[in-house]
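Asker: Next comes the sequence, and after it the predicted model I'd like to discuss.
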Number of protein chains: 2
Amino acid sequence: MRGAVIYGPNDVRFEERPDPTIVEPTDAVIRTVAACVCGSDLWRYRGLADVPRPVPIGHEYVGIVEQVGDAVPTVTPGDFVVGGFLHSDNTCPVCRKGMHSACQHGGGFDGCQAELIRIPNADGTLIATPGQPAADLIPSLLALSDVMATGWHAAVSAGVGPSTSVVVIGDGAVGLSGVLAAAQLGATTIIAMSRHADRQAVATEFGATHIVAERGESGLAQVRELTEGIGADAVLECVGTEEARLQAVDLARPGGMIGLVGVPHGDLPTDRLFWSNTGIRGGPAPVRAYLPHLIDLVWTRQIDPGKVFDLTLPLSEVAEAYRAMDERRAIKVLLQP
Amino acid sequence: MRGAVIYGPNDVRFEERPDPTIVEPTDAVIRTVAACVCGSDLWRYRGLADVPRPVPIGHEYVGIVEQVGDAVPTVTPGDFVVGGFLHSDNTCPVCRKGMHSACQHGGGFDGCQAELIRIPNADGTLIATPGQPAADLIPSLLALSDVMATGWHAAVSAGVGPSTSVVVIGDGAVGLSGVLAAAQLGATTIIAMSRHADRQAVATEFGATHIVAERGESGLAQVRELTEGIGADAVLECVGTEEARLQAVDLARPGGMIGLVGVPHGDLPTDRLFWSNTGIRGGPAPVRAYLPHLIDLVWTRQIDPGKVFDLTLPLSEVAEAYRAMDERRAIKVLLQP
């Protein structure tokens, strides 16, 4: 089979790789129906993270089960399945608390931008959809594999609920998904910070009630004006840079919560958080915990998170997908084998 | 009238001071029924915080209203009142969010270890009890002024609810109050970290299900054993030292919450919090937000937070009260004018 391998900065190749097989009885092998490129894949592509040797890449996928090991009772060959970017057993004490991303027997994926994928802990990772999905549902189901679940996690971590005022920092696929999550969870004021017309349009479609294009003091002043002068109840930090994280602290009201899902690059002023009673919570999303609910929302066409995909390419053109994301010509690229 | 004045380290004097008067129409003057010494008062007493010039000291009190300004409709002379350690207007947008400790027109007290106290923002700060309290309720009502409300805030900030597993770091009056709060909020496993038999006894009376006397690795191992090997859902950090804060991070399970009320002395590892999805929240307690519920719990004798007072002295012996707290001869000292 063929799949993407990253060799170094600006060098992703689509090449022949060995077919994955069942190694453990808890494994499944799936045939990829759709995969995509994640913002976090770009770190290595941009040389911001090391690539010591060529490695298969990609961690978002939907597909059809080809084979399962003997210890995989809940999915069977032919099922259309969605899984998260981390695998989990769904039975350890941490999973039972709903924090599958810290599963005691879980771990990460790499190599999902490929025609076939081996899924460890298949029973605790994959969920089969109620049937074969209509073609137009596939992008939305794929989005659940990472970005939509991550945006949802930001909103849940920030305690978003009915009548909450929310600011979303970051207009990438995760930030936009955070807007959609906030709207679903009942937020009434949803402010998307975005400077790009195409992303503003998706944010509005996803439920943003206000767009703030400016950052820094000016952006802060606009958010304050929309939140009784005090800042937002909940801030979803979907970027991770030090600038974005400090902006999140500025934008939260006293006693507010910041949901963190941007991979952290920079510290947070914990003393300042204390004196303003601002909370922080978040990290890698426990996708598996959210999947049943999110699949139901997609399946019943209540949400359409697949709108974050604004470019579709054949999997064989994965190198072009990386270029398009790197050059910000696309919010997020869907890949079809 | 007479009251306590701190002159410098180890030097608190009981002396003649001017009678407080109504300065603003929103003021009240109350005659103190009971006051007490706070752990945070000891910073100056111990020379850990500066005393540039002699100042009246104390911020916890219950009393009877003597006089009110023209803009104080809800309490009247003769009322027995409880108020928090910060005053608040209870009407600004921040107060309406329940975060009275960051009231836009609020501030701090000092000088409450005195026979008479001026209360700014009386209407938004004081709450009158349903009638004159029985004498044995007074310590518990006094505890609501700071320590009990602060312990409650730790538990609320950490999201304690039915079936939560909780660890409380700190066996001072605030930590013990945190145990009581966790029990009231429905926690089922409540682990008090305490090395002192007298404090362990109060913790148990307040609802601790387990006592862990050791700290560091050994304490961590014991907490893990009581929490399915993963750490507690909620950790109440009621000390504030760097050691205690780092211990809180160790003791929380992945996805757990740390409620912070110990005044921070040391940073927190925010990257580590992110990767384990551990949240932090807390700060100065919005006492006014909790007072109606807590007064009701005390009035109906459902809780007895006054048990943290293990020494009662005449107000005139305030210097001895500081010594007893400083030397850890008392958990908390109640002062009677």
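Answerer: In hand now; what should we look at?
Asker: Just checking, which helix or strand succeeds the helix or strand harbouring A:Ala234 along the chain?
Answerer: Using DSSP states H and E, A:Ala234 maps to strand A:232-237. Next helix or strand after strand A:232-237 toward the C-terminus (DSSP H and E): helix A:242-251.
Asker: from memory A:His210 sits against A:Ile191, does it?
Answerer: Yes. Shown here, A:His210 and A:Ile191 form a contact pair, counting by Cβ atoms under 8 Å, at 4.6 Å. C-beta coordinates here come from the backbone N, C-alpha and C atoms, glycine included.
Asker: Who has more neighbours out of the two?
Answerer: Legend: neighbour count by other Cβ atoms under 10 Å in any protein chain shown for A:His210 and A:Ile191, higher for A:Ile191 (27 against 18).
Asker: ok, the more buried one touching A:Val167?
Answerer: Yes. With contacts counted by Cβ under 8 Å, A:Ile191 reaches A:Val167, the gap being 4.6 Å.
Asker: Quickly list what's touching both of the two.
Answerer: A:Val212, A:Val223, A:Ala232 (Cβ atoms under 8 Å, 6 or more residues apart in numbering or on different chains).
Asker: Next up, phi/psi of the residue in the stretch 101-250 of chain A that chain B sits nearest to, please.
Answerer: With Cβ to the nearest Cβ, the shortest gap between the stretch 101-250 of chain A and chain B falls at A:Ala102, namely 3.4 Å. Taking degrees, to the nearest 10, you get phi -120, psi 30 for the backbone angles of A:Ala102.
Asker: again with A:Thr32
Answerer: phi -70, psi 130.
Asker: Dig out what it forms beta bridges with.
Answerer: Counting by DSSP bridges, A:Thr32 forms beta bridges with A:Gly63.
Asker: per-residue confidence for it?
Answerer: At A:Thr32, the predicted lDDT confidence score is 98.
Asker: Tell me where the stretch 151-300 of chain A has strands.
Answerer: Remark: strands assigned in the stretch 151-300 of chain A by DSSP state E, counting those that start in this stretch are A:165-169, A:189-193, A:210-212, A:232-237, A:252-260, A:279-282.
Asker: what's the overlap in contacts for A:His210 and A:Ile191?
Answerer: With Cβ under 8 Å, 6+ apart, A:His210 and A:Ile191 have common neighbours A:Leu226.
Asker: Kindly indicate whether the closest residue to A:Ala289 other than its chain neighbours is helix, strand or coil.
Answerer: Excluding the flanking residues, the one nearest A:Ala289 by Cβ to Cβ, 6 or more residues apart in numbering or on different chains is A:Gly98, at 4.4 Å. Three-state call for A:Gly98 (DSSP: H, G, I helix; E, B strand; the rest coil): coil.
Asker: these two touch, right, A:Gly98 and A:Pro286?
Answerer: Yes. The criterion here is Cβ under 8 Å, and A:Gly98 meets it with A:Pro286 at 6.0 Å.
Asker: Number of residues surrounding the nearest residue to A:Trp152 once chain neighbours are set aside?
Answerer: The shortest distance from A:Trp152 to any non-neighbouring residue, by Cβ to Cβ, 6+ apart, is to A:Ala181 (4.2 Å). A:Ala181 has 33 neighbours, counted by other Cβ under 10 Å.
Asker: ok, now A:Ala187?
Answerer: 27.
Asker: Ok, A:Thr300 next?
Answerer: For A:Thr300, using other Cβ under 10 Å, the count is 9.
Asker: Need the pLDDT of it.
Answerer: The predicted local confidence for A:Thr300 is 98.
Asker: Just the helices from the stretch 201-337 of chain A, written as ranges.
Answerer: A:216-226, A:242-251, A:270-275, A:287-299, A:318-326 (DSSP state H, counting those that start in this stretch).
Asker: These: which one's closest to A:Arg199?
Answerer: helix A:318-326 (13.4 Å; Cβ to Cβ).
Asker: Next, the contact list for A:Phe274, please.
Answerer: Here A:Phe274 is in contact with B:Leu260, B:Pro264, B:Gly282, B:Gly283 (Cβ under 8 Å, 6+ apart).
Asker: hmm, try it at 6 Å
Answerer: A:Phe274 makes contact with B:Leu260, B:Pro264, B:Gly283, according to Cβ atoms under 6 Å, 6 or more residues apart in numbering or on different chains.
Asker: Identify the residue with the minimum pLDDT among those residues.
Answerer: B:Pro264 (92).
Asker: looking at it, that residue is touching A:Asp271, isn't it?
Answerer: Yes. B:Pro264 is in contact with A:Asp271 according to Cβ atoms under 6 Å; the separation is 5.3 Å.
Asker: So which bits of the stretch 51-200 of chain A are right by chain B?
Answerer: A:Pro93, A:Val94, A:Lys97, A:Met99, A:Ala102 (Cβ under 6 Å from any Cβ of the partner chain).
Asker: Touching, the fourth one and A:Val287? I think so.
Answerer: Put plainly, it is A:Met99. No. A:Met99 is beyond contact range of A:Val287, at 11.2 Å (criterion: Cβ under 6 Å).
Asker: Give me the distance from stretch A:251-266 to the chain's centre.
Answerer: 17 Å (Cα atoms, centre = their mean, to the nearest Å).
Asker: What is the end-to-end distance of it?
Answerer: One end of stretch A:251-266 sits 17 Å from the other (Cα to Cα, to the nearest Å).
Asker: Name the residues of it that come out as buried.
Answerer: Burial within stretch A:251-266, assessed by neighbour count using 16 or more other Cβ atoms under 10 Å in any protein chain shown, is assigned to A:251-264.
Asker: I'd like to know how far A:Asp27 sits from chain B.
Answerer: 24 Å (Cβ to the nearest Cβ, to the nearest Å).
Asker: How many neighbouring residues does that residue have?
Answerer: 22.
Asker: Might you report the residue contacts of it?
Answerer: A:Gly69, A:Arg118, A:Pro120, A:Ala122.
Asker: Provide the contact partners of stretch A:296-313 at residue level.
Answerer: By Cβ under 6 Å, 6+ apart, stretch A:296-313 touches A:139-141, A:143, A:148, A:173, A:176-177, A:180, A:202, A:321, A:324, A:330-335.
Asker: Show me the beta-bridge partners of the closest residue to A:Gly131 other than its chain neighbours.
Answerer: Spatial nearest neighbour of A:Gly131, chain neighbours left out: A:Phe80 (7.6 Å); criterion: Cβ to Cβ, 6+ apart. Beta-bridge partners recorded for A:Phe80 (DSSP bridges): A:Ile64.
Asker: wait, doesn't A:Phe80 sit right on A:Gln132?
Answerer: Yes. In this structure, A:Phe80 is within contact of A:Gln132 by Cβ under 6 Å, at 5.4 Å.
Asker: Which one's more surrounded, the two?
Answerer: A:Phe80 (22 against 12).
Asker: Could you pull up the residues touching that one?
Answerer: Counted by Cβ under 6 Å, 6+ apart, A:Phe80 has contacts A:Ile64, A:Thr129, A:Gln132, A:Pro133.
Asker: if we can go back for a sec, compare A:Gly98 and A:Pro286 (neighbour count), which wins?
Answerer: Set A:Gly98 next to A:Pro286 and count neighbours by other Cβ under 10 Å: A:Pro286 wins out with 28 against 13.
Asker: Quick check: that one touching A:Ser101?
Answerer: Yes. Taking contacts as Cβ under 6 Å, A:Pro286 lies within contact range of A:Ser101: 4.5 Å.
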